[in-house]
Structures are given as C-alpha cells and as structure tokens.
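Everything below, folded, please.
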Amino acid sequence: MNVIVLMKQTFDTEEKIRIRDGSIDEEDAKLVMNPYDEYAVEEALKLRDNHGGQVTVVSVGTERSSEALRTALAMGADEAVLIAEPADADEAVLSKLLAAFLKGRPFDIVLGGHFSVDRGSGQVAIRVAELLDIPHVGAVTRLAVDSSGKSAVAVRDSEGDEVTIEAALPACFTAQQGLNEPRYPTLPGIMKAKKKPFSRISPASLGLSEELLAPYTERSALAPPPPRQAGRLIEGEVAFQASELVRALREEAKLI
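Predicted coordinates:
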C-alpha cells in the first residue's frame with residue numbers, strides 16, 4: 001500500500017508572531033511540522049506497518065520546510081519530496097502543485113492534516129482530491145482499510161457527533177485530533193533519516209505553466225490583532241444598560 005502524506009511546516013503554536021514590513025518575520029522563529037500533519041504521518045506509518053508498502057511525505061515550501069520533512073523521515077517515513085513554493089502561492093496554487101506531483105505516482109491513500117495552524121483554511125487536501133477526482137473524507141478520527149486494500153471505512157468528527165463513511169480507494173483523508181498518538185523521532189530514526197531518499201522538485205518540472213500557477217487570491221494587508229483592552233462596566237438602570245450595550249456593539253465594536 002502506497003501512502004502519500006501532504007504536510008507543511010508551520011510556526012510553533014507557542015511562538016510569538018512578528019510582522020516586519022507587512023510580512024511575517026520567520027528569521028528567528030521556531031518552525032515545526034504542522035501538528036495535524038503529525039497525526040497524518042503517524043496514521044500512514046500504521047497503515048504501512050499493517051498492510052506493507054511505502055510512505056512518502058511531500059511538502060510545498062521553502063528550503064526550511066526540509067526540517068519538517070526530515071522529522072517525518074525520522075518518525076519512519078520512507079521518502080520525502082520538497083516542491084519549491086512559488087512566490088505569493090495561495091491554496092489553489094499549492095493544490096495544483098501537489099496534484100501534479102501525485103498524478104505521476106501510484107498511490108492508494110492520500111493523508112493530510114485537517115487544517116494547518118497558520119492559515120487554517122483546510123482547503124488544500126480537498127482541492128487536491130477534487131483535482132485528482134478521488135473521494136475525500138475530512139476530520140477523520142478513525143480509519144480502517146479493508147483487507148483487500150480496495151476500500152476504507154473512516155469515522156469523522158462532525159461538530160461533536162460522528163459520521164461513518166466508506167470510500168473506495170484511492171481516496172484522500174484528513175486527520176483530526178484523536179486519530180492517534182504521534183510517535184517521537186528516536187535517535188536511531190534520526191540517523192536513518194539521513195540516508196533516506198530526499199528529492200527536491202521545481203514547479204517547472206511538474207509541467208505547470210506560470211499562468212496555471214497564478215494565485216487566485218491576493219493579500220492586501222497583514223497586521224497583528226489590536227491589543228486587548230480592559231472590560232467596561234455599564235452602570236445605571238437595566239433599560240439604559242441594554243440600550244448602551246446595543247449602541248456599543250453597533251457603533252464601537254461594529255458587531256451588529
């Protein structure tokens with residue numbers, strides 16, 4: 001069974017984000033594998049161990065993304081691929097690059113995180129599945145592959161409830177928290193990772209023109225949230241408090 005894991009490198013969730021000249025400053029920031037992608041890597045390793053085959057991790061990013069890919073190799077993945085990220089790439093561009101890569105490889109399952117903790121759009125895996133014309137099941141908390149290797153049953157989180165879905169393979173699944181407990185890279189695993197295949201691919205080698213790689217969206221501005229202000233106590237009669245609250249929500253907070 002060939003399993004492909006779509007993953008990316010993100011900021012550590014405890015990292016303080018700094019903005020410089022309208023862009024996020026990554027120079028001294030701590031970057032890690034996207035936490036939801038850790039579940040995807042772990043599930044891929046379990047599928048390989050139970051059914052045989054190979055686990056390939058692939059990411060679209062800068063050279064720093066190789067750190068996260070090598071972490072996945074140290075966890076036990078067999079091969080890593082880094083696709084160079086074009087400037088101003090959005091989710092549509094990332095999806096096209098990943099789909100173009102996958103079209104040239106045999107696979108049974110595509111796994112990814114339910115969403116990334118930086119952009120949080122949850123779009124990429126769904127777009128890839130659409131471009132490849134394969135089934136997609138999101139927010140998976142349990143996954144079982146049939147002994148024949150032709151179908152899988154996934155249990156997905158649905159706003160506090162569960163939905164069970166059977167999908168024919170090949171298919172794409174995104175991992176939700178609770179799917180498994182990701183393993184830590186061991187020292188032997190880290191040493192073995194240095195000898196595992198690691199490929200670097202340019203967008204041009206995937207046969208995609210500059211026109212196809214033009215982003216669908218454009219970021220107009222980027223700014224940190226305003227400082228949190230102290231709460232305000234509205235005094236007076238109940239009728240006045242209610243009217244003043246509505247006025248503040250409408251005129252000051254712009255929420256209604």
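
thinking in terms of the whole chain, how far from its middle is stretch 221-236?
In terms of Cα atoms, centre = their mean, to the nearest Å, the centre of stretch 221-236 is found 31 Å from the chain centre.

what's that stretch in contact with?
17, 19, 22-24, 240-241, 244-245, 248 (Cβ atoms under 8 Å, 6 or more residues apart in numbering). For glycine as for every other residue, the C-beta is placed from the backbone atoms N, C-alpha and C.

Within the helices and strands, which one has residue 239?
Using DSSP states H and E, the element containing residue 239 is helix 238-247.

Other residues contacting that helix?
Contacts of helix 238-247 (Cβ under 8 Å, 6+ apart): 234-236, 256.

among those residues, who's most crowded?
residue 234 (11 neighbours; other Cβ atoms under 10 Å).

what about the helices in this protein?
35-51, 66-75, 91-103, 124-132, 187-193, 238-247 (DSSP state H).

do you know how far residue 9 is from residue 93?
17 Å (Cβ to Cβ, to the nearest Å).

State the number of residues packed around the closest residue to residue 39 other than its chain neighbours.
Take residue 39 and drop its neighbours on the chain: the residue closest to it by Cβ to Cβ, 6 or more residues apart in numbering is residue 175, 3.7 Å away. Around residue 175 there are 29 other residues, counting by other Cβ under 10 Å.

on that earlier part again, could the C-alpha coordinates of the helix holding residue 239 be exported in CSV?
C-alpha atoms of helix 238-247 as CSV (Å, rounded to 0.1, in the frame of the first residue of the first chain):
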residue,chain,number,x,y,z
VAL,A,238,-31.4,47.9,33.3
ALA,A,239,-33.1,49.6,30.3
PHE,A,240,-30.2,52.0,30.0
GLN,A,241,-27.6,49.2,30.3
ALA,A,242,-29.4,47.3,27.5
SER,A,243,-29.6,50.2,25.1
GLU,A,244,-26.0,51.3,25.8
LEU,A,245,-24.8,47.7,25.2
VAL,A,246,-26.5,47.6,21.8
ARG,A,247,-25.1,51.0,20.9
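
gap between that helix and the chain center?
Distance of helix 238-247 from its chain centroid, counting by Cα atoms, centre = their mean, is 44 Å.

What mean pLDDT does that helix get?
Taken as a whole, helix 238-247 has a mean pLDDT of 93.

Outline the domain layout of the protein.
Domains of the chain are assigned by automatic domain parsing as 2-206, 226-256.

okay, those domains, which one's buried deepest?
Mean neighbour count (mean count of other Cβ atoms under 10 Å) peaks for domain 2-206 among the domains of the chain, with a mean of 18.

What's the end-to-end length of stretch 174-187?
End-to-end distance for stretch 174-187, by Cα to Cα, to the nearest Å: 28 Å.

can I get the contacts of stretch 221-236 in a markdown table with distance to residue 36?
Formatted as a markdown table, the contacts of stretch 221-236 follow (distance: Cβ to Cβ, whole Å):
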| residue | distance to residue 36 |
| --- | --- |
| 17 | 18 |
| 19 | 24 |
| 22 | 28 |
| 23 | 24 |
| 24 | 20 |
| 240 | 47 |
| 241 | 43 |
| 244 | 42 |
| 245 | 38 |
| 248 | 37 |
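
so where do the strands sit in the stretch 101-250 of the chain?
109-113, 136-145, 151-158, 161-168, 171-175, 198-201 (DSSP state E, counting those that start in this stretch).

can you list the ones you listed in CSV and add distance to residue 60?
Shown next, in CSV, are these (distance: least, Cβ to Cβ, whole Å):
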stretch, distance to residue 60
strand 109-113, 12
strand 136-145, 19
strand 151-158, 25
strand 161-168, 25
strand 171-175, 16
strand 198-201, 9
